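> sequence first, predicted model second:
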Protein chains: 2
Amino acid sequence: MKKSLPRSPGMDFERPLVTVDVVIFCVLEGSLKVLLVRRPNDVQDPFPGRWALPGGFVNVEKDRSLIDCALRKLDEKTGVATPYLEQLGSWGDADRDPRGWSSAHAYFALIHAPTDNEEGRRGSADSQWVDVEEAGRKRLAFDHPRILAAAIGRLRGKVEYTSLPAFLLTEPFTLPQLQHTYEVVLGRPVDKSAFRKRMLDAGFLEEVGMAQGHSGRAAMGYRVRDRDQAATFPRTFKAGE
Amino acid sequence: MKKSLPRSPGMDFERPLVTVDVVIFCVLEGSLKVLLVRRPNDVQDPFPGRWALPGGFVNVEKDRSLIDCALRKLDEKTGVATPYLEQLGSWGDADRDPRGWSSAHAYFALIHAPTDNEEGRRGSADSQWVDVEEAGRKRLAFDHPRILAAAIGRLRGKVEYTSLPAFLLTEPFTLPQLQHTYEVVLGRPVDKSAFRKRMLDAGFLEEVGMAQGHSGRAAMGYRVRDRDQAATFPRTFKAGE
DNA sequence: TAAATAGTGTCTGTAAGACAGTATACT
DNA sequence: AGTATACTGTCTTACAGACACTATTTA
């Protein structure tokens, strides 16, 4: 297969290792969590037994593209096939992997909280949902601390002016639920009236019937109109309630 | 060197090709330009003779990191050592390079217009400053059309709420010059009064004495306070003058 | 003194935060 | 009826766009 062109004379140099890592977020038990996996406890392996972001080498046979590779890893770890997925950046240098010059393509994904029957809410022995604050303090493998920090920074930043938190909820959801998700990610309260105006004016939500089930007045249920892209607002949030 | 750990059994798979490409912008003759290079006219080579973005394979021996590699390519093509440099994204799949599965790390750089004595203003036979509109219509090598489109989109987008155009000018510059640069990149006029308030309030500029030399009233000269990061504004521009 | 360009002041519209008020569900 | 929650209306403030005005330079 391939090598349709004659092998150029300049092509016989050492190639870097290429990995894809995915920072997977969800909101669970009222706080923002990230999925960490435990590296195999094998002395052959770099960082044995340490927590790390899910990821691994690109498989030239199986993966048609970087995004395919990211989706594959996400599906393997969470069973979620259609998340919000965004490229975060890439990190590559001679020292980040003891096995050699390596470059990592990092993605970040937003998924709704796992239900009790899938894979267990709290994770398993080699895979766990960890509070972002706590994950930031852990001594993760490779340069995953800076990748995680970049992901959290990007998420917190974009929440100020996009509809990203909508992808952290199961549909349909109500505006109070969405507001709560914003508050969890931002780490501060936001004004109810301003919040509702903002979300409804942005026009990315679609009414989908009343949602009942708890005490108090019933709320309108919504879903996002176009799950392939986030809405952006013209202005950032200010202080709050 | 390296290979300090025993070669793991799972490490003998095919590695993708890894390249770094740089989208280099400047403002020349009143319009936004991008640097294109001509690929060698060699049948061994993919896309012989076609225009492409400057870039090439990561050299594991010479490049300590991806950014180093990007800076090296920029310096080789333009002689500029301290540009504004930002990671744009990465593109990788089985088909973008006929020589095999390849991934490209793309950066974009903003530099001031080349002076007449360096390398020639319009470029040379194998390297040319091209208007972005025209470059967008060219049939560039590889998937460079989509990388270029992403870079232009990112630049135009960020100009709405950052100080990026300041990096397209030689220091010191005046506020009218800066406004003109914004207008060139945005492709539309902006209001003078609002513009000045915005720039001065953002506090990223530093007065550096009056600038004379042409007809009309002399203007204050400025330089950016911290060349390592762009300022961001709370709001986006609206329509204009 | 006129032309050209730099810089300022004032008005207005828009949109968000504050917060109190109204509506509708369940017990 | 009372409580809990969803939703709306009104006031105020901040800030950007519009645009006319003043200031300072060169010809």
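Arrived safely.
> does A:Leu66 touch A:His105 like I think?
Yes - judged on CB atoms under 8 Å, A:Leu66 makes contact with A:His105 at a distance of 5.2 Å. No exception for glycine: its C-beta is placed from N, CA and C like everyone else's.
> got any residues that touch both of these two?
Applying CB atoms under 8 Å, 6 or more residues apart in numbering or on different chains, one finds that A:Leu66 and A:His105 are jointly contacted by A:20, B:90, B:92, B:103.
> taking their axis directions, the host helix or strand of the second one and strand A:84-93 sit at what angle?
Counting by DSSP states H and E, the secondary-structure element that holds B:Ser90 is strand B:84-93. Angular relation of strand B:84-93 and strand A:84-93 on a 0 to 180 degree scale: 110 degrees, by axes from the mean of the first three to the mean of the last three CA atoms, to 10 degrees.
> count of neighbours near A:Asp97?
By the criterion of other CB atoms under 10 Å in any protein chain shown, A:Asp97 has 21 neighbours.
> OK, contacts around it?
Counted by CB under 8 Å, 6+ apart, A:Asp97 has contacts A:17, A:19, A:46, A:142.
> out of these, which touch chain B?
Residues of the contacts of A:Asp97 in contact with chain B (CB under 8 Å from any CB of the partner chain): A:17, A:46.
> and which of the contacts of A:Asp97 is nearest to B:Asp42?
Comparing those against B:Asp42 with CB to CB places A:Leu17 closest, at 29.1 Å.
> output stretch A:214-233 as CSV - backbone C-alpha positions only.
What follows is stretch A:214-233, C-alpha atoms only, in CSV (Å, rounded to 0.1, in the frame of the first residue of the first chain):
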residue,chain,number,x,y,z
HIS,A,214,-39.8,18.0,40.8
SER,A,215,-41.2,20.6,43.3
GLY,A,216,-42.1,24.1,42.1
ARG,A,217,-43.2,25.4,38.8
ALA,A,218,-42.5,23.4,35.7
ALA,A,219,-39.8,24.7,33.3
MET,A,220,-39.5,24.8,29.6
GLY,A,221,-37.3,22.1,28.1
TYR,A,222,-34.8,22.9,25.5
ARG,A,223,-32.2,21.3,23.2
VAL,A,224,-29.5,22.9,21.1
ARG,A,225,-30.4,23.6,17.6
ASP,A,226,-27.1,22.7,16.0
ARG,A,227,-25.0,20.3,17.9
ASP,A,228,-22.1,20.7,15.6
GLN,A,229,-21.3,24.2,16.6
ALA,A,230,-21.4,26.4,19.7
ALA,A,231,-23.0,29.8,19.7
THR,A,232,-21.0,32.9,20.6
PHE,A,233,-22.2,35.9,22.4
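> buried sites along the longest helix belonging to chain A?
Across chain A, the longest stretch assigned as helix under DSSP state H is helix A:144-159. Buried residues in helix A:144-159, counted by 16 or more other CB atoms under 10 Å in any protein chain shown: A:144-145, A:147-148, A:150-152, A:154-155, A:158-159.
> returning to that earlier point: what about A:Leu66 and A:His105, which has more around it?
Taking neighbours as other CB under 10 Å, A:Leu66 and A:His105 compare with A:His105 leading, 27 against 22.
> next secondary structure element downstream of the lowest-mean-pLDDT helix or strand in chain A?
Across the helices and strands of chain A, mean pLDDT, DSSP states H and E gives its lowest value to strand A:123-124, namely a mean of 64. Downstream of strand A:123-124, the next assigned helix or strand under DSSP H and E is strand A:127-131.
> Three-state assignment for A:Gly221, please.
strand (DSSP: H, G, I helix; E, B strand; the rest coil).
> what's the local residue count around it?
When neighbours are counted by other CB under 10 Å, A:Gly221 comes out with 19.
> identify the residues contacting the nearest residue to it once chain neighbours are set aside.
Take A:Gly221 and drop its neighbours on the chain: the residue closest to it by CB to CB, 6 or more residues apart in numbering or on different chains is A:Pro172, 3.4 Å away. Residues in contact with A:Pro172 (CB under 8 Å, 6+ apart) are A:208-209, A:211, A:221-223.
> lovely, talk soon.
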